[in-house]
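[1] Model the following, please.
(2 chains)
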Amino acid sequence: MTLYGFIFYVLGILIAVATALAITRRQPIHAVLYLIVAFLATAALFFLLGAPLLAAFVVILNAGAIMVLILFGIMLFQRSPRELGLRPEWGPATLLGVVFLAVTVAMIFKDPGSGILLQGAVAKPGDFGYFLFGRYWLAIEIVSILYLVVLVAIIHLGRRRGGGGDEAEGRAREVHE
Amino acid sequence: MIVPLGHVFILAGLVFCMGLVCLVARRNLIMTLVGVEVMMNAAAIAFVAAALRWKLMEGQAFMLFILAMAAAEVSVGLALIVGVFRLTGSLDPDRYDILKW
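    Below you'll find the predicted structure:
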């Protein structure tokens, strides 16, 4: 086993253990903190798999922005102990997950291509950027439109209902004018 | 980097299954969002491994789109949860039985 292979297995175990701890914590805050560990290990794995730009994006977006967003979301809600438990369907859900995993592993071992050793290669960030904006520029634009739609949706959903959101806005506008 | 492709896929499958169980079994809506995040993370690992296997950058490009979609999904999901929490005062989906907005 080479050094890179050793690093891969260490990172893989780290991701699996951190994710398993994250999904079994009772408190969502602990889950999010373990998930940050899992995302940082995933970023290191992407670096190992030759995607340094994506590793940086995972640190910035997943481990940074999304997790902080969920942390702020947790702080908005008052917790009640009833929500921390499991649903009654947890037994069939776990069974489903185990069966799904068994089928996945069986399929992977059945496939002769799965034994192929990965050879190291790095997609340089500059080359990757040229490739992305050369061939997938339309998809990038669609993603930006998606963000615009998301912004509109969040502003719409975040409006206060019933308690006179429009009136409050109107009052604020009058004061402003 | 001398690792069989199958091992990376097994890691991705394991993480995906854990996300699936978290999505179905947990009562808290925030943990449901966390489960979806874990599943997207697993899909991203599989995409990047496939990109390295076939030496094509398409896999990495689509992983970038997965990332962008995950960010959008979490923000809209949290906004929906905040709205429904204002309405019912609970994060438990079993409590959402009033059928009125």
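
[2] Excluding chain neighbours, give the residue nearest to residue A:85 in space.
    Counting by C-beta to C-beta, 6 or more residues apart in numbering or on different chains, residue A:85 lies nearest to residue B:27, which is 5.6 Å off, once chain neighbours are set aside. The C-beta positions use only the backbone N, C-alpha and C, and glycine is treated the same way.

[3] same deal with residue B:72?
    residue A:150 (4.6 Å).

[4] where does residue B:38 sit relative to residue A:159, distance-wise?
    Going from residue B:38 to residue A:159 by C-beta to C-beta, to the nearest Å gives 31 Å.

[5] Could you count how many residues lie near the closest residue to residue A:80 other than its chain neighbours?
    Distances taken as C-beta to C-beta, 6+ apart place residue B:90 nearest to residue A:80, at 7.1 Å, with adjacent residues excluded. Applying other C-beta atoms under 10 Å in any protein chain shown, we find 17 residues neighbouring residue B:90.

[6] related to what we said a few turns ago, and residue B:38 and residue A:159? Which one has more around it.
    Neighbour count, other C-beta under 10 Å: between residue B:38 and residue A:159, residue B:38 has more, with 26 against 12.

[7] Now do the contacts for that one.
    The contact partners of residue B:38, by C-beta atoms under 8 Å, 6 or more residues apart in numbering or on different chains, come to A:19, A:22, A:23, A:35, A:38, B:15, B:16, B:18, B:19, B:22.

[8] Quick check: the fourth one touching residue A:21?
    No: Residue A:35 sits out of contact with residue A:21 when judged by C-beta atoms under 8 Å, with a separation of 9.1 Å.

[9] Between these two, which has more neighbouring residues?
    More neighbours surround residue A:35 than the other of residue A:35 and residue A:21, with 26 against 16 (other C-beta under 10 Å).

[10] Confirm that the more buried one sits in a strand.
    No: using DSSP: H, G, I helix; E, B strand; the rest coil, the secondary structure at residue A:35 is helix, not a strand.
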